[in-house]
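Novice: Turn this into a model:
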Amino acid sequence: MKKTAILVDGGFYRRRAAFLWGKKDPEDRAKELCAYCFDHLKHEKKYDPERCLYRIFYYDCPPIDKTVYHPFLKKGIDLRHSEVHKWTLAFFEQLKHQRKVALRMGVLSEEFATYMITPSALRALCDGKKVLSDLSDQDFNITVQQKGVDMKIGLDISSLAYKKQVDQIILIAGDSDFVPAAKLARREGIDFILDPMWADIKADLFEHIDGLRSEWEKNRSHGKTSDHSSQKSTP
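Specialist: Below you'll find the predicted structure:
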């Protein structure tokens, strides 16, 4: 039996899914993520009926549990009572109940959490399309760094490859931090597929993967599936 592991950069998936297919409640987003992963497997089984899912590994961080000063509102915001905090915890709980899903949790560098003006608002200020008095609290986003997520992804890729637990890895992610682990996995004979969910990737990443494929169309209302256009797409 040939086994596939699907690794999901959770923060990346949540941002892209909301952008591509809109906001959803925690249960629907969790079911969507699993359906997205299983459709990857369904595609692979067309060309190899013996292929099966080893596990879906989901990597993310718990939401911030602290009060952060908001420069526009000029007061501290207790993020524990925010809708994002509640939604994220509920989403993680829903994932725990999904078949074949394992959560790998990192932590957030809460000491560096801060509210920053959004790029679009900053650009509008610089272009003279807005003045300071035009800004609202919606023009500011919380920024915080993840700790441990990229390391856990790299360690799991290495472990899966060295232990020969799978012969194929599908990574749903959008940056290049995975390259060293991908190179190691490929040296161990792993078929390594990247899914950037239609996001642009650096051209030099193509030499470090065996295939590039994004499931579903950008707009799912068409009711179709489609490959991400590339010269290195999988069958």
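
Novice: switch to C-alpha atoms for all contacts and neighbour counts from now on
Specialist: Will do.

Novice: helix or strand for Leu20, which one?
Specialist: Using DSSP states H and E, the element containing Leu20 is helix 10-21.

Novice: elements contacting the lengthiest strand in the chain?
Specialist: If each strand of the chain is counted by residues according to DSSP state E, the longest one is strand 51-60. With contacts defined as 3 or more Cα pairs under 8 Å, 6 or more residues apart in numbering; DSSP states H and E, strand 51-60 has these neighbours: strand 2-9, helix 10-21, helix 26-47, strand 101-105, helix 149-162.

Novice: Out of those, flag the one nearest Asp137.
Specialist: Closest approach to Asp137 among these (Cα to Cα): helix 10-21, 20.2 Å.

Novice: name the helices or strands packed onto that closest one?
Specialist: Contact analysis of helix 10-21 by 3+ Cα pairs under 8 Å, 6+ apart lists strand 51-60 as its packing neighbours.

Novice: Off-centre distance for the strand it packs on?
Specialist: Distance of strand 51-60 from the chain centroid (Cα atoms, centre = their mean, to the nearest Å) equals 13 Å.

Novice: Partner strands of that strand and their direction?
Specialist: strand 2-9 (parallel), strand 101-105 (parallel) (DSSP bridges).

Novice: I'd say Lys3 and Arg51 touch.
Specialist: Yes. Here Lys3 reaches Arg51: they are 5.6 Å apart, a contact under Cα atoms under 8 Å.

Novice: what distance separates stretch 30-40 from the centre of its chain?
Specialist: That offset, for stretch 30-40, works out to 13 Å (Cα atoms, centre = their mean).

Novice: Let me fix that, I meant to ask about stretch 73-93.
Specialist: 19 Å.

Novice: again with stretch 104-120
Specialist: Its chain's C-alpha centre and that of stretch 104-120 lie 16 Å apart, by Cα atoms, centre = their mean.

Novice: buried ones in that stretch?
Specialist: 104-106, 108, 110, 113-115, 117 (16 or more other Cα atoms under 10 Å).

Novice: Equivalent analysis for stretch 155-167, please.
Specialist: Neighbour-count burial for stretch 155-167, counted by 16+ other Cα under 10 Å, picks out 156-158, 160-161, 166-167.

Novice: Show me what it is in contact with.
Specialist: Under the contact criterion Cα atoms under 8 Å, 6 or more residues apart in numbering, stretch 155-167 has outside partners 2-5, 54, 169, 181-182, 184-185, 188-191.
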